[in-house]
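In: build me a model from this:
(one chain, ligands or ions: 1)
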Amino acid sequence: MKTIQLNIDKALGRGEKSFALTKEQIYAQAANAKQANFTLENGTGKGNDFLGWLHLPSSITPAELADIQATADSVRAKCDVVVVVGIGGSYLGAKAVMEAIGGTFDNYRCHCGPDPQPPAKKSPVVLFAGHNISEDYLYELQAYLKDKSFGIVNISKSGTTTEPALAFRILKKQLEEAVGKDETRTRIVAVTDKARGALRTLATKEGYKTYIIPDNVGGRFSVLTPVGLLPVAIAGVDIEQLVQGAADMEKATASTVAFEDNIAEIYAATRNEIYKSGKKIELLANFTPKLHYVSEWWKQLYGESEGKEHKGIFTASVDFTTDLHSMGQWIQDGERNIFETVLSVDQVKYHLEVPHDADDLDGLNYLAGKRVDYVNKQAELGTQMAHVDGGVPNLKITLPELNEYYLGQLLYFFERACGISGYLLGVNPFDQPGVEAYKKNMFALLGKKIIH
Ligand code: PA5
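Out: Down below sits the predicted model:
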């Protein structure tokens, strides 16, 4: 089995750098990381009622996957556009997988000529709503949906979150006005708690097809439940391969796997040691726009899991080479309080060479015949060398390819390492008490009646 790789060599100082962490220091944490991993598996740590994600990949059954796929197929057959409504953990996982696996311009298909895709393979345009409260966003979405055959996947574990509830109310009304109440019921799928919340009540009353978010899986750990799997299956992602990758990573990161072979334990130990050395910000960097939303998902996973009790690494992300032309200066020369984790993709999907040009007015003929990815890889290497020289410890995670299988590995790897890392930090990685503060103020300002 090929797996994603973690390389921490460039995070280790050799005395002359402004970072001086040694391999011995990291390996000295092996027992603690192993203990944290055991604690996860034994369910004896903080937040242990939210460990349902731990064995999701190996416990999801073929029948469950087939049911999700069947629903996805019927939505795909019925709708040209599907709006996925959700926020935070009920949004970012699906968005991350779709952007990483789908074609970059899939949603820009024009509806003006013959459809190049054979009908059996035709994927709907998948859009998102409920992840903001922008009136203009919702207005423009409504305008786009006018005269289109659309459906809605409404995802909310609590079933009461304001942003998705608001978007859903608006979109449901539009759908009812377009196709009538009976047809609307067949075009909505709800993913929510098994019994509680306004969305469950509404789904039961209207008779929507529903999927359950397990009680013991928190939002940011829910990408491998129907929260993530249903939307991505609608978009045409191979969910069996995604889950297979995650299941293989579940095995590879089990607490029985030796520390030196366990990339989740090594990543968790390394980032915690770097944090203790005073570098409080982790930048997740990529060299392909397809990974932008994986970074957004990762930021939530680690930020919301560890940022509590006035401690925790601040998670930030950059898209290279784009951001080398903006944040590159700060990363190279600003305050030395950051470290960088690079997501690197070994083999790209397509082949494109730099063409030769007879005039060579742009001076690029020295690259003629070289692949664009070769140029990108030299940018990646050059950036790593520069940042390490500039005092930025560098971790590298390599995916052999960007496909469903390796993405499944990556998502599970990050989840597992997050649980271990949170325990190493000494916090409960599975709660999020801080997110209530803004809601309290917003509801008071809006005059919401609190029902006790
Ligand atoms: O990770 C989390 O718990 C949050 O980001 C939630 O997913 C987010 O607030 C949405 O909550 P809900 O699914 O209840 O609407």
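In: contact residues of the stretch 1-150 of the chain facing the ligand?
Out: 87, 88, 89, 90 (CB under 6 Å from any ligand atom). In this view, the C-beta of every residue, glycine as well, is placed from N, C-alpha and C.
In: point me to the residue of the stretch 201-350 of the chain nearest the ligand.
Out: Per CB to the nearest ligand atom, residue 219 is where the stretch 201-350 of the chain lies closest to the ligand, at 2.3 Å.
In: and the closest residue to that residue other than its chain neighbours, how far is that from residue 164?
Out: Of all residues not flanking residue 219 in the chain, residue 89 sits nearest, at 2.3 Å (CB to CB, 6 or more residues apart in numbering). Per CB to CB, to the nearest Å, residue 89 is found 12 Å from residue 164.
In: which outside residues touch the strand or helix carrying residue 140?
Out: Taking DSSP states H and E as the criterion, residue 140 maps to helix 135-145. For helix 135-145, contacts defined as CB atoms under 8 Å, 6 or more residues apart in numbering pick out 81, 83, 127, 129, 167, 170, 171, 174.
In: the last one: what secondary structure?
Out: When you say that, I think you mean residue 174. Recorded secondary structure, residue 174: helix (DSSP: H, G, I helix; E, B strand; the rest coil).
In: and the fifth one, by the same measure?
Out: With three-state DSSP as the basis, residue 167 sits in helix.
In: what is the neighbour count of the nearest residue to residue 85 once chain neighbours are set aside?
Out: Leaving out its chain neighbours, the residue that sits closest to residue 85 by CB to CB, 6+ apart is residue 130, at 3.9 Å. Residue 130 is flanked by 27 other residues according to other CB atoms under 10 Å.
In: pLDDT score for residue 130?
Out: As predicted, residue 130 sits at a pLDDT of 98.
In: residue contacts, it?
Out: 85-87, 91, 154, 156, 161, 163-168.
In: ok, and the closest non-adjacent residue to the residue of the stretch 1-150 of the chain found nearest the ligand?
Out: Closest residue of the stretch 1-150 of the chain to the ligand, CB to the nearest ligand atom: residue 88 (2.2 Å). Distances taken as CB to CB, 6+ apart place residue 219 nearest to residue 88, at 5.4 Å, with adjacent residues excluded.
In: pLDDT score for the one you found?
Out: Predicted confidence (pLDDT) at residue 219: the value is 96.
In: before we move on, the earlier item: for the contacts of helix 135-145, which one is nearest residue 370?
Out: Among the contacts of helix 135-145, residue 127 lies closest to residue 370 (CB to CB), at 37.1 Å.
In: tell me the bridge partners for the nearest residue to the closest one once chain neighbours are set aside.
Out: Excluding the flanking residues, the one nearest residue 127 by CB to CB, 6+ apart is residue 83, at 5.1 Å. Beta bridges link residue 83 to residue 127, residue 152, judged by DSSP bridges.
In: residue 83 contacts residue 171, correct?
Out: Yes: look at residue 83 against residue 171 with CB atoms under 8 Å: they come within range, at 5.9 Å.
In: wait, does the longest helix belonging to the chain contact the ligand?
Out: As assigned by DSSP state H, the longest helix anywhere in the chain is helix 404-425. No: judged by CB under 6 Å from any ligand atom, helix 404-425 and the ligand are separated, with a smallest distance of 11.8 Å.
In: what's the helix or strand that that helix is followed by packed up against?
Out: Per DSSP H and E, the first helix or strand lying C-terminal to helix 404-425 is helix 436-446. Applying 3 or more CB pairs under 8 Å, 6 or more residues apart in numbering; DSSP states H and E, one finds that helix 436-446 contacts no other helix or strand.
In: quick revisit: quick check: neighbours shared by residue 83 and residue 171?
Out: Common neighbours of residue 83 and residue 171 (CB under 8 Å, 6+ apart) are 129, 141, 145, 152.
In: isn't the last one up against residue 169?
Out: In other words, residue 152. No: the pair residue 152 / residue 169 is not scored as a contact, 11.0 Å apart, by CB under 8 Å.
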